[in-house]
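Asker: Sequence first, then the predicted structure:
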Amino acid sequence: MKYLKLALVTLVTMLSMSAFAQNNQDACKAALDNIHSRKSVRAYTSEDVTPAQVETILKAAMAAPSGMNAQPWRFVVVREPATKDKLAGGFNKMIAKSPVVVIVCGKTTGKMGGENKNWTADCAAATENLLLATEALGLGAVWTACYPYEDRMKPAIEALGLPEEICPYCIVPIGHPAGSDKPKDKWKPENIHYEKW
């Protein structure tokens, strides 16, 4: 009887470990599939993006790595058509046509008031997380450059009323894809060097 109980415990443990390993493999595959499925979506349907979806996307953005954990990212969510028109300016009408726009901004000063030299890298990491979360939710988005182009930054600063230490890094229109955009295959082994150049 004792050996039967031990055999049953061993069997249950092995089955649990097997299920855990399978779940781990499934999660890993889902994460990699999401990364490789991400694409730039520039046309959207009229269907809205819910506040809950926006919050999920922003939580993912804020999970990004940050130099010295400064977390300099700040986000402005815009739905108002007049503000989206100002942000679009003459360079990007898809901003005006998307249901919601997230402007990723960076606090350029550090905790002690000096310059934060990591803010652009941190905002880039947050933006990538934002785009991956958007893809995972079945939505579409595109990274639209703002910083360091004065002709794009100035309208964003004015339209959003950004304080001096907050710089608009990029503008990300988000919506339900109107087309069938495909991801680009960017795998180029020739761009990899091992040990040295």
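Answerer: Everything's here; your move. Computed from a prediction, not measured in an experiment: that's the story for all the values here.

Asker: CA atoms of stretch 26-34 as PDB?
Answerer: Output in PDB follows, covering the C-alpha atoms of stretch 26-34 (Å, rounded to 0.1, in the frame of the first residue of the first chain):
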ATOM      1  CA  ASP A  26       3.100  27.400 -25.000                       C
ATOM      2  CA  ALA A  27       3.800  30.700 -23.300                       C
ATOM      3  CA  CYS A  28       7.200  31.000 -24.900                       C
ATOM      4  CA  LYS A  29       5.800  30.200 -28.300                       C
ATOM      5  CA  ALA A  30       3.000  32.800 -27.900                       C
ATOM      6  CA  ALA A  31       5.500  35.500 -26.800                       C
ATOM      7  CA  LEU A  32       7.800  34.800 -29.800                       C
ATOM      8  CA  ASP A  33       4.900  34.600 -32.200                       C
ATOM      9  CA  ASN A  34       3.600  38.000 -31.000                       C
END
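
Asker: Where does pLDDT dip in this structure?
Answerer: The chain contains residues with pLDDT under 70 at 1-20, 90.

Asker: How is it partitioned into domains?
Answerer: Here the domain parsing of the chain from automatic domain parsing is 1-37, 51-175.

Asker: most packed of these?
Answerer: domain 51-175 (a mean of 18; mean count of other C-beta atoms under 10 Å). (C-beta placed from N, C-alpha, C; glycine too.)

Asker: measure it end to end?
Answerer: With C-alpha to C-alpha, to the nearest Å applied, domain 51-175 spans 12 Å between its terminal residues.

Asker: would you list every one of the helices in this protein?
Answerer: Ranges of helices within the chain are 2-37, 51-61, 81-88, 93-97, 119-136, 150-160, based on DSSP state H.

Asker: Adding distance to Phe75, write those out as TSV.
Answerer: Written out in TSV, the entries for those read as follows (distance: least, C-beta to C-beta, whole Å):
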stretch	distance to Phe75
helix 2-37	21
helix 51-61	6
helix 81-88	14
helix 93-97	15
helix 119-136	8
helix 150-160	11
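
Asker: picking up where we left off before, would you turn the domains of the chain into a markdown table with distance to Lys182?
Answerer: Output for these, formatted as a markdown table (distance: least, C-beta to C-beta, whole Å):
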| stretch | distance to Lys182 |
| --- | --- |
| domain 1-37 | 9 |
| domain 51-175 | 12 |
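
Asker: For Trp187, which of the ones you listed is the nearest?
Answerer: domain 1-37 (9.2 Å; C-beta to C-beta).

Asker: What's the biggest strand in the protein, counting residues?
Answerer: strand 166-175 (DSSP state E).

Asker: mind checking how far Thr56 is from Ala63?
Answerer: 11 Å (C-beta to C-beta, to the nearest Å).

Asker: Show me whatever sits in contact with both of the two.
Answerer: Overlap of the contact sets of Thr56 and Ala63 (by C-beta atoms under 8 Å, 6 or more residues apart in numbering) is empty.
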